[in-house]
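> Got a predicted structure here, sequence first:
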Amino acid sequence: MRVLTLALLLIAVSSRAQVTDSTAPKKDNGLMQMVDSGSTPRTEYAKATFKTTRLINAHSVEHIGAGVLDIKIQHRFGTINGGLYEFFGLDQATIRIGADYGITDWLMVGIGRSSVEKLYDGFAKFKLLRQSKGEKNCPISLSGFTGMYITSIQFFDSTIENNFNNRTSYVVQLIAARKFSEGLSLQLSPTWVHYNLVPNPGDPHDIFAIGFGGRQKLSRRVSFHVEYYYRVGEVWKGTVNPFSA
């Protein structure tokens, strides 16, 4: 009986020691824990650099997901220096109705129709890089964009040949962006535009521009956006660099 009691006491002491050891503080060694568990550092991707696929008028670096259909009705207003007579640009409003579709998570396409020159457009946008940190470290997100535009407005100038070639124009663009914080994102967009038909003799058929854009979050529901395109080299007569906010 005494032997049994002694054995039970030894088992109790041993169990108590195991509990005490398991609850004792351990040194934090993240690398050793990853090696022991067989895990690797995770990649954390930047999310919601911008809230939609458009910054203001032009595209942002954002994409829609695979299988998602996004119907957009966009309004573009005139300049505010028209004063009250033009209701600060509201009287010069134009509209575009379009549909974007995500073929995959890295490829989206879209079509649309604008009231300006009764313009039809189609585009494709694809991801090249995605801002991330961790196992994969990439400082920016990068997308490629290409589009084709067809004007359907009537040609009243009899000297202009009314054919398909004269109604088309094209654009190729790289869109690079970085999310610096939860509130601030900036974007840079080198752009090339080609017009088969130009409005005035001597106007260039190819226009190069660099787009600058950004988003600053002001509150949970409100943010300020700005977009500006600076044209490089020859430009059309009577036109200005577009600025939107």
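Yep, that arrived. As the structure is a prediction and not an experimental result, all values here were calculated from the model.
> so what's His194 up against?
If a contact means CB atoms under 8 Å, 6 or more residues apart in numbering, then His194 has Ser169, Tyr170, Val171, His205, Asp206, Ile207 as its contacts. For every residue, glycine as well, the C-beta is placed using N, CA and C.
> That should have said Gly82, apologies.
For Gly82, the contacting residues are Phe88, Gly89, Asp91, Gln92, by CB under 8 Å, 6+ apart.
> Got the confidence number for it?
Reported pLDDT at Gly82 in the predicted model: 76.
> Could I get the full set of helices for the chain?
For the chain, helices defined by DSSP state H occupy the ranges 2-23, 30-37.
> one step back: let me have the contacts of Gly82 in JSON lines, extended by pLDDT.
As requested, the contacts of Gly82 are arranged in JSON lines below (pLDDT from 0 to 100):
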{"residue": "Phe88", "pLDDT": "79"}
{"residue": "Gly89", "pLDDT": "78"}
{"residue": "Asp91", "pLDDT": "78"}
{"residue": "Gln92", "pLDDT": "79"}
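> Closest to Pro41 out of those?
Lowest distance from Pro41 to the contacts of Gly82 (CB to CB) belongs to Gly89, with 50.4 Å.
> Spit out the contact partners of that closest one.
Phe77, Gly78, Thr79, Ile80, Gly82.
> where does this structure dip in pLDDT?
Under the criterion of pLDDT under 70, the regions of the chain flagged as low confidence span 1-40.
> Report the contact partners of the closest residue to Phe145 other than its chain neighbours.
Closest residue to Phe145 in three dimensions, ignoring its sequence neighbours and counting by CB to CB, 6 or more residues apart in numbering: Gln173, at 4.3 Å. Contacts were defined as CB under 8 Å, 6+ apart; by that measure Gln173 touches His59, Gly144, Phe145, Thr146, Ser189, Pro190, Thr191, Trp192, Gly211.
> so where do the strands sit in the chain?
Along the chain, the segments classed as strands by DSSP state E run 43-45, 69-76, 94-102, 107-114, 119-129, 132-134, 141-151, 168-179, 184-195, 206-217, 223-232, 243-244.
> Rebuild those as JSON lines, extending it with distance to Asn162.
As requested, the strands of the chain are arranged in JSON lines below (distance: least, CB to CB, whole Å):
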{"stretch": "strand 43-45", "distance to Asn162": "49"}
{"stretch": "strand 69-76", "distance to Asn162": "27"}
{"stretch": "strand 94-102", "distance to Asn162": "24"}
{"stretch": "strand 107-114", "distance to Asn162": "20"}
{"stretch": "strand 119-129", "distance to Asn162": "16"}
{"stretch": "strand 132-134", "distance to Asn162": "50"}
{"stretch": "strand 141-151", "distance to Asn162": "11"}
{"stretch": "strand 168-179", "distance to Asn162": "13"}
{"stretch": "strand 184-195", "distance to Asn162": "16"}
{"stretch": "strand 206-217", "distance to Asn162": "23"}
{"stretch": "strand 223-232", "distance to Asn162": "29"}
{"stretch": "strand 243-244", "distance to Asn162": "33"}
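> So among the contacts of His194, which ones count as buried?
Neighbour counting with 16 or more other CB atoms under 10 Å marks Ser169, Val171, Ile207 as buried within the contacts of His194.
> Hmm, the second one is touching Gly144, no?
I take that to be Val171. No. Between Val171 and Gly144 there is no contact, the gap being 11.5 Å when judged by CB atoms under 8 Å.
> Across the sheet, point out what pairs with Met192.
Careful, residue 192 is Trp and not Met. The residues listed as beta-bridge partners of Trp192 by DSSP bridges are Val172, Phe208.
> State the number of residues packed around it.
Residues contacting Trp192 under the criterion other CB atoms under 10 Å number 14.
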